[in-house]
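S.K.: need a 3D model of the sequence below.
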Amino acid sequence: MSAREEVLARIAAAHRAAPPTDLPYEAIVRDYRTSSDLDHDQLVELLVDRLLDYKALVRQCRADDLPATVAAACADRGVEQLIVPADLNPTWLDHSRVTVQRDGATGEGRLSVAALDVMDGVLTGCTVAVAETGTLILDGSAGTGRRVITLIPDYHLCVVLPEQIEADVPQAITRLDGTRPITMISGPSATSDIELNRVEGVHGPRTLEVIIVSRHE
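M.R.: Residues are numbered from 1 along each chain as shown. Sure thing, here's the model as predicted:
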């Protein structure tokens, strides 16, 4: 018996000893949490804590101050050339002194990988932010762009609006269209080798910065 056959035989024996429960889909127990007792300010505090724990950078501002905050973030990072989705709110860039390249979702408006690779950073919105896990979810809808534009540039600046913050994953999932290209981002790109040496920027941006917009004017 080959090693493969032995492994498969053991798996088959385990299934015979304890066969999986034959439950219809409708009978699956879904008693996980679907609500939260935290108010909005507490959710923001939790989201900030999780983002910082993941080594993301965080700024907070009022809605009126968002263009100035975007400009400050780009200036602090030395960003001169910035990619944005073609349908990003143009007022977010009102104060920025950068060269902007707009990336379209289809056709000739799409930037090539080579063009993306020479840009200093990308600015997007998000679809949902999960406070409990510090996860930003993008789905290609207005202002979030194609997945590739958030993977190639070394710096990703993401704006989170107050109505986009949810407490936990179940609440976030209910707001998503599962047929869209969903990207979940928890901190900057990072991996560890066998000796647990952390390496950032391997398969995505080395730096993730998040601007959380306050609901208070």
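S.K.: tell me where the protein has strands.
M.R.: In the chain, strands defined by DSSP state E lie at 57-61, 81-85, 99-103, 121-124, 128-130, 135-138, 155-160, 165-166, 183-185, 190-192, 198-200, 207-213, listed in chain order.
S.K.: wait, which of these is closest to residue 3?
M.R.: With CB to CB as the measure, strand 190-192 is the member of the strands of the chain nearest residue 3 (28.5 Å). (C-beta placed from N, C-alpha, C; glycine too.)
S.K.: thinking again about what came up before, just send the strands of the chain back as CSV, with mean neighbour count too.
M.R.: Shown next, in CSV, are the strands of the chain (neighbours: other CB atoms under 10 Å):
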stretch, mean neighbour count
strand 57-61, 17
strand 81-85, 22
strand 99-103, 16
strand 121-124, 26
strand 128-130, 24
strand 135-138, 25
strand 155-160, 24
strand 165-166, 22
strand 183-185, 20
strand 190-192, 13
strand 198-200, 12
strand 207-213, 22
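S.K.: want to throw the ones you listed into a markdown table with distance to residue 145 and mean pLDDT?
M.R.: As requested, the strands of the chain are exported to a markdown table (distance: least, CB to CB, whole Å; pLDDT from 0 to 100):
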| stretch | distance to residue 145 | mean pLDDT |
| --- | --- | --- |
| strand 57-61 | 20 | 97 |
| strand 81-85 | 3 | 97 |
| strand 99-103 | 6 | 95 |
| strand 121-124 | 5 | 98 |
| strand 128-130 | 15 | 97 |
| strand 135-138 | 7 | 97 |
| strand 155-160 | 10 | 98 |
| strand 165-166 | 20 | 96 |
| strand 183-185 | 10 | 94 |
| strand 190-192 | 22 | 78 |
| strand 198-200 | 22 | 77 |
| strand 207-213 | 15 | 97 |
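S.K.: right, and those strands - which one's nearest residue 4?
M.R.: The nearest among the strands of the chain, by CB to CB, is strand 190-192 at 29.0 Å.
S.K.: give me the contacts around the closest one.
M.R.: Residues outside strand 190-192 that contact it (CB atoms under 8 Å, 6 or more residues apart in numbering) are 55, 198-203.
S.K.: quickly run through the sheet partners of that strand, with directions.
M.R.: strand 198-200 (antiparallel) (DSSP bridges).
S.K.: how about residues contacting the partner strand?
M.R.: 55, 188-193, 206.
S.K.: let me have those in JSON lines, extended by distance to residue 11.
M.R.: Below are the contacts of strand 198-200 laid out as JSON lines (distance: CB to CB, whole Å):
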{"residue": "55", "distance to residue 11": "39"}
{"residue": "188", "distance to residue 11": "38"}
{"residue": "189", "distance to residue 11": "34"}
{"residue": "190", "distance to residue 11": "33"}
{"residue": "191", "distance to residue 11": "30"}
{"residue": "192", "distance to residue 11": "29"}
{"residue": "193", "distance to residue 11": "30"}
{"residue": "206", "distance to residue 11": "41"}
